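[1] Sequence and predicted structure below; questions after.
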Amino acid sequence: MSIATDDFIRSSGNLAYVNTWLKLIALVLLSSESVRTVPLGLLNFQGQFSSQMTALNAGILIGIAPVLIVYVLFQRYMVSGLTAGAIKG
């Protein structure tokens, strides 16, 4: 394998580890239901033997809506920033 592939695998592994660790810390430290994050709140819709798929899907849509709204509002600036950084010279 090339060096770039090894670096990609290492960085992807590090990001996955940090993401999982932060979710675990949030799950352990945030015992009160009023201060839980959206992903932790969505875990309440899944049980061992049943899951409420309609409520889970609605929660996912509600959780992702602010991100989509911010992206739509600032899409022009994000694209111009990405293209400005990609051009040499």
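    Thanks, I have the structure now. Computed from a prediction, not measured in an experiment: that's the story for all the values here.

[2] Now Gln46. Its backbone dihedrals?
    In terms of degrees, to the nearest 10, the main-chain angles of Gln46 are phi -110, psi 130.

[3] Can you give me the distance of the residue lying closest to it once chain neighbours are set aside to Val38?
    Nearest residue to Gln46, sequence neighbours excluded (Cβ to Cβ, 6 or more residues apart in numbering): Leu56, at 6.9 Å. Any C-beta I mention is one placed from the backbone N, CA and C, and that applies to glycine too. For Leu56, the distance to Val38 equals 12 Å [Cβ to Cβ, to the nearest Å].

[4] neighbour count winner among the two?
    When Leu56 and Val38 are compared for neighbours, Leu56 comes out ahead with 15 against 12, by other Cβ atoms under 10 Å.

[5] On the three-state scheme, that one is what?
    Assigned with DSSP: H, G, I helix; E, B strand; the rest coil, Leu56 falls in the helix class.

[6] any idea of the pLDDT on it?
    pLDDT recorded at Leu56 is 86.

[7] same check, this time on the one 10 residues further on
    Residue-level confidence at Pro66 comes out at 88, pLDDT.

[8] so how far is the first residue of stretch 42-60 from its last?
    End-to-end distance of stretch 42-60: 8 Å, with Cα to Cα, to the nearest Å as the criterion.
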